[in-house]
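[1] Just the structure for this:
(one chain, ligands or ions: 1)
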Amino acid sequence: MQALLDKLRSVAGAANVTTDALECEYFAQDVYSRSHSAAAVVAPGDKNELAAIVRTTTESGVAVIARGGGMSYTGGYVPSEENAILIDTLRMNRVVEINREDMYVTVEAGITWSALYEALKETGLRTPYWGTLSGLYATVGGSLSQNSIFFGSGRFGTAADSVIGMEVVTADGTILNTGSASQINASPFFRHFGPDLTGLFTADCGALGIKATASFRLIPELPVQAFGSFAFEDHPSMMQAMSDIARQDVVTECFGFDPYLQQQRMKRDRLANDIKKLGGVLKAAGGLGKAIKAGAKMAVAGRGFMDDVKWSFHVMTEAHTEASASANLQKVRDISEKHGGRELADSIPRLVRANPFGPVNNMLGPAGERWVPVHALVPHSRAVETLDRVEALFGECSQELEEHDIHTGYLLATVSTHCFVIEPVFFWPDELMEIHRRSVEPAHLKHLTEFPANLVARETVASIRERLVDLLKDQGGVHLQLGKSYRYREGLRPETFALVQSIKKIVDPGNRINPGNLGL
Ligand SMILES: Cc1cc2nc3c(=O)[nH]c(=O)nc-3n(C[C@H](O)[C@H](O)[C@H](O)COP(=O)(O)OP(=O)(O)OC[C@H]3O[C@@H](n4cnc5c(N)ncnc54)[C@H](O)[C@@H]3O)c2cc1C
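    The predicted structure follows:
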């Protein structure tokens, strides 16, 4: 290990290799769990340093694991063995090229979605999918490795659907190009050239290689935005409305809350926060007249407009003209009405769109409770039934949940025209980990309760979460963020898993890149 660390220092510079015990422990914990600490955290400055670090580490027989913004909660970068080297990709955060003529952007994998958004802002262009709600910290590399959804997903799908090429470092330090850039004379302007090697490395949870750069196609930012929010008495009618809207292909984002999550959200966003965010809404409205209208609408609605709401969903739509944005929203209204929805003030989607990459305070409950989501992607036809089964499981566990003050809610969303996301979420009183302290805004943290360690509640959440993961597999659900939490291997047809294993053997024969992810 000492010899390896010396070599890593000579590659990355001593200042970019840390063996400090507390730092190694911090980098090795995710938002939900921790296990082994790391032997060292190494931060490469570019792809050549990254390649040398990977080669040197695997040659020594030591495990090497990439970490982006650290915003995940499925054990993806939590080491499964002692003495692993963690690669902190955050120094690799440059925009390599914005090509307006050929309509693509190439970035280093450690750039955050927020930084990419800022870099593209003045160009009038953007990537079709453009980031997660955690994008203040979450990186392009982490999000492609787990696959992710949110901004733009209603029309353009996941992060993996927008990427057209990558440079990936495999276990022996090879820097592999995928997509058109793998043609010896070509640039990264197109994804498919022979088998889709870009796809091979997306959603691999970093088990097949470490992403150094990624290229995305660009589209024009559409100038007109419209928003809508709707209340429902029960989840089947709301979910059917969301599915019908998704099928129409008219919204860029569509997300919903159950009564519990909604209440939490309204509690968490204190008024001061709303006012700060309102500045963003006014700026985003485009033009003084529109700003006044948007501001007035929100001021009239105030915060009480959600008080008697049970289930609610929220949409954003974008278009070239006012007329087509209004037509999109009218479709949403008609569908909601057909399913018994009631229109609400549109403050929530307006706030979310105007301040896309805000602080990640939602990684804790409103009083400082711990938080962990589980999710499944299902076809529309199985969405309501899946949520009903999850509800039934929570019903079976109600005594345990109540006894340990564990609360549950749901975040719902649609992706493109063909996918429904169901995300049950747990909250429970428990002590914070270092990652929460470093990620949540200090001003917000100050107002939270410091709960003592609560092992019983923690273990209860873990065991119900396991049952939930089994249930979602049985429902035929698939997942983003596989990490070490879902039943990928167990749920996969054996011949498919055998192929994944064979590929792993070629790119990482010694199983030294992120061992344990994807059940490998
Ligand atoms: C408050 C909050 C809000 C969130 N909102 C969303 C949301 O809207 N949508 C969503 O999909 N998810 C969301 N998430 C989950 C998470 O933030 C995302 O999955 C995000 O994409 C993770 O990116 P990251 O850079 O933090 O990855 P990390 O957590 O650092 O890593 C994730 C995985 O990718 C691997 N990895 C990281 N970088 C690389 C690389 N360069 N090469 C190879 N492997 C790599 C790691 O080993 C790990 O397996 C949220 C999380 C929080 C805490």
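
[2] what's the longest helix in this structure?
    Taking DSSP state H as the criterion, the chain has its longest helix at helix 455-474.

[3] after that one comes which helix or strand?
    Toward the C-terminus, helix 455-474 is succeeded by helix 488-491 as the next helix or strand (DSSP states H and E).

[4] Find the nearest non-adjacent residue to the residue of the stretch 101-250 of the chain found nearest the ligand, please.
    The nearest approach of the stretch 101-250 of the chain to the ligand comes at Gly142, 2.1 Å away (C-beta to the nearest ligand atom). The way it works is simple: take the backbone N, C-alpha and C, and place the C-beta from them, glycine included. Spatially, and ignoring its direct neighbours in sequence, Gly142 is nearest to Gly68 (2.9 Å; C-beta to C-beta, 6 or more residues apart in numbering).

[5] Quick check on the one you found: phi, psi?
    phi -100, psi -110 (degrees, to the nearest 10).

[6] Would you mind listing what in the stretch 51-200 of the chain touches the ligand?
    Residues of the stretch 51-200 of the chain lying close to the ligand (C-beta under 6 Å from any ligand atom) are 65-72, 76-77, 89, 109, 132-134, 137-139, 141-143, 145-146, 148-150.

[7] likewise the stretch 251-400 of the chain?
    Val360, Asn362, Met363.

[8] helix, strand or coil for the second one?
    The three-state assignment at Asn362 reads helix, by DSSP: H, G, I helix; E, B strand; the rest coil.

[9] I'd like the distance between it and Gly45.
    32 Å (C-beta to C-beta, to the nearest Å).

[10] the more surrounded of those two?
    Asn362 (19 against 15; other C-beta atoms under 10 Å).

[11] Does that one touch Trp371 like I think?
    Yes. Counting by C-beta atoms under 8 Å, Trp371 is a contact partner of Asn362 at 7.4 Å.

[12] rewinding a little: same for the longest helix of the chain, what does it pack against?
    strand 370-373, helix 383-396, helix 398-403, strand 419-428 (3 or more C-beta pairs under 8 Å, 6 or more residues apart in numbering; DSSP states H and E).

[13] how about Leu136, what does it touch?
    Thr112, Ser114, Phe357, Gly358, Pro359, Val360 (C-beta atoms under 8 Å, 6 or more residues apart in numbering).

[14] what's the second one in contact with, if anything?
    Contacts of Ser114 were listed using C-beta under 8 Å, 6+ apart, and they are Gly131, Gly135, Leu136, Pro356, Phe357.

[15] Tell me how many other residues crowd Pro44.
    Pro44 has 27 nearby residues by other C-beta under 10 Å.

[16] Compute the number of surrounding residues for Ile503.
    A count of nearby residues for Ile503, using other C-beta under 10 Å, gives 15.

[17] ok, it touching Asp204?
    No. Applying C-beta under 8 Å, one finds Ile503 not in contact with Asp204, separated by 9.2 Å.

[18] Find the nearest non-adjacent residue to Leu329, please.
    Per C-beta to C-beta, 6+ apart, closest to Leu329 is Ala226, 4.5 Å.

[19] same deal with Pro359?
    Using C-beta to C-beta, 6+ apart, the nearest residue to Pro359 is Glu441, at 4.4 Å.

[20] That neighbour against Gly358, yeah?
    No. The criterion here is C-beta under 8 Å, and Glu441 misses it with Gly358 at 9.1 Å.

[21] more crowded one of the two?
    Shown here are Glu441 and Gly358; by other C-beta under 10 Å, Gly358 has more neighbours (21 against 12).
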